[in-house]
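S.K.: pasting the structure only:
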Ligand SMILES: Nc1ncnc2c1ncn2[C@@H]1O[C@H](COP(=O)(O)OP(=O)(O)O)[C@@H](O)[C@H]1O
Ligand SMILES: [Mg+2]
């Protein structure tokens, strides 16, 4: 057959195979696939509480609340105040985080000097400002998402009202919270929806999702975030040409402006930055009241970190000259995936501490298979139980996490002027 005949035959067979025009056929396929996909999503990841937080033993609950195990038992036996939601036949009490929070509120309501320790919410009347922590470094794999997610969850477990914001188009933080970025591509589902320049903009409150952690809300990330990198230059040039309202916030003030609209609902915001120094990261840094730079102690990582700091400082100085506010309560380097038995790593950590001493967090986050294994199933160490790992492995990782997160928590308390 000649080429032309082949084409004609092919066209005829397509025409015979379907009397429906191709555009309609494709639209039907798309509709079918998308309904199947959302069905699959409902099944794999039901929208609310697709994940559930484990319960806590009475010992764990007592530590979270800050009372002795004996006192908690006494509260439970006396029937005074909120009770644990489950008591096993052998009398073992387990507490959900809701139970823990109810107990905190109950104890705080009794007043007294310890009330503040039970319910730790910030007190705006005493000048305690919203703390916005940006976890950043343009090196991928430096532990930003792991740090940011565990930090947000730690703070929620401690009873703070937390908003976690995923600024990475790859959305790995959202994935840890059970949101699948590939499937959740609805428009205005990320913070982009609240900082975009056009009329499609929506309030941040409309984008915020509840998570299975009481007290911890999420602004998920998705590919749409990338739009901000494209939209900003064109907005800037339109603005320079006088075609846009010049009163609107410039790019570097937009994340801050969006967060300000929900500030009253939270004590702490944690921003998981993307691994690049674009407009979004700059806007996040301008919104930040504090910054954590994650560093894996390898020569290359430290070299790229200093490069990152040079570039960040250059760009931030431009932002500052343009009127951006850059007053961090604290900036700290966090050593991540640390292996204390690795010679070069200990040397590089020591070098870093010698150079920028006071700004390196005392506690490093150790490398642990508990963290990486939990990550494989999109979980954090706060979700998986101790039974999932050998005790030593789990306990060492938890100890390291507790040390890192408590150190950051005390910096926040300092920023609030608490003892
Ligand atoms: N302390 C740790 N121990 C073991 N693995 C870790 C640790 N911190 C991070 N990881 C793993 O390293 C990888 C990169 O970490 P991630 O937090 O996603 O980095 P980033 O957000 O900077 O790209 C992930 O697979 C994560 O599970
Ligand atoms: Mg990340």
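M.R.: Received it, and whenever you're ready, just let me know what you need. Everything numeric here is computed off the predicted structure, so don't read it as measured data. Ligands and ions are numbered 1, 2, ... in the order given.
S.K.: so what's residue 60 closest to, chain neighbours aside?
M.R.: residue 95 (7.7 Å; C-beta to C-beta, 6 or more residues apart in numbering). C-beta here means a position set from N, CA and C on the backbone, and glycine is covered the same way.
S.K.: Which pLDDT does the model give that neighbour?
M.R.: Confidence per residue is given as pLDDT, and for residue 95 that number is 94.
S.K.: isn't it right up against residue 59?
M.R.: No: under the criterion of C-beta atoms under 8 Å, residue 95 is not in contact with residue 59, lying 10.2 Å apart.
S.K.: Give me every residue in the stretch 1-150 of the chain lying close to ligand 2.
M.R.: Within the stretch 1-150 of the chain, the positions adjacent to ligand 2 are 144, 145 by C-beta under 5 Å from the ion.
S.K.: Below-threshold pLDDT in the stretch 1-150 of the chain: ranges please.
M.R.: For the stretch 1-150 of the chain, the stretches flagged by pLDDT under 70 are 1-18, 30, 32-50.
S.K.: what number of residues lie near the residue of it found nearest ligand 2?
M.R.: Scanning the stretch 1-150 of the chain for the residue nearest ligand 2 gives residue 145, at 3.3 Å (criterion: C-beta to the ion). Applying other C-beta atoms under 10 Å, we find 26 residues neighbouring residue 145.
S.K.: What pLDDT is listed against the residue of the stretch 151-300 of the chain found nearest ligand 1?
M.R.: Residue nearest to ligand 1 within the stretch 151-300 of the chain (C-beta to the nearest ligand atom): residue 172, separated by 5.3 Å. You'll see residue 172 listed with a pLDDT of 93.
S.K.: how about the nearest residue to it, chain neighbours excluded?
M.R.: Using C-beta to C-beta, 6+ apart, the closest residue to residue 172 is residue 145 (4.6 Å).
S.K.: Would you agree the residue of the stretch 151-300 of the chain closest to ligand 1 is in contact with residue 147?
M.R.: No: using C-beta under 8 Å, residue 172 is not in contact with residue 147, being 11.9 Å away.
S.K.: quick one, which of these two is more surrounded?
M.R.: Neighbours were counted for residue 172 and for residue 147 using other C-beta under 10 Å; residue 147 has more, 25 against 19.
S.K.: Could you list the buried residues of the strand or helix carrying the more buried one?
M.R.: Element membership of residue 147, judged by DSSP states H and E, is helix 144-157. Going by neighbour count (16 or more other C-beta atoms under 10 Å), the buried part of helix 144-157 is 144-157.
S.K.: Establish whether that helix and ligand 1 are in contact.
M.R.: Yes: contact between helix 144-157 and ligand 1, assessed by C-beta under 6 Å from any ligand atom, occurs at 144, 145, 146.
S.K.: which residues touch the residue of the stretch 201-350 of the chain found nearest ligand 1?
M.R.: Residue nearest to ligand 1 within the stretch 201-350 of the chain (C-beta to the nearest ligand atom): residue 337, separated by 4.5 Å. Taking C-beta atoms under 8 Å, 6 or more residues apart in numbering, we find residue 337 in contact with 143, 296, 365, 366, 367.
S.K.: which residues in the stretch 251-400 of the chain form helices?
M.R.: Counting by DSSP state H, counting those that start in this stretch, the stretch 251-400 of the chain has these helices, from start to end: 251-260, 279-287, 299-321, 343-356, 369-376, 391-415.
S.K.: hmm, back to that, least confident pick among the contacts of residue 337?
M.R.: Among the contacts of residue 337, residue 296 has the lowest pLDDT, at 90.
S.K.: pretty sure that one contacts residue 140?
M.R.: No: Residue 296 is beyond contact range of residue 140, at 10.7 Å (criterion: C-beta under 8 Å).
S.K.: So those two - more neighbours on which side?
M.R.: residue 296 (22 against 13).
S.K.: Spit out the contact partners of that one.
M.R.: Residues near residue 296 by C-beta under 8 Å, 6+ apart: 139, 141, 142, 143, 335, 336, 337.
S.K.: Which members of the residues you listed define the maximum pairwise distance?
M.R.: 141 and 335 (14.2 Å; C-beta to C-beta).
S.K.: Which one of the two is surrounded by more residues?
M.R.: Here residue 141 and residue 335 are set side by side on neighbour count (other C-beta under 10 Å), and the busier one is residue 335, at 23 against 14.
S.K.: Show me what the helix holding residue 147 is packed against.
M.R.: Secondary structure elements in contact with helix 144-157, counted by 3 or more C-beta pairs under 8 Å, 6 or more residues apart in numbering; DSSP states H and E, are strand 131-136, strand 162-166, helix 172-176, strand 216-219, strand 268-272, strand 290-295, helix 391-415.
S.K.: how much does the longest one deviate in direction from helix 144-157?
M.R.: Read that as helix 391-415. Orientation check (axes from the mean of the first three to the mean of the last three C-alpha atoms, to 10 degrees): helix 391-415 against helix 144-157 gives 70 degrees.
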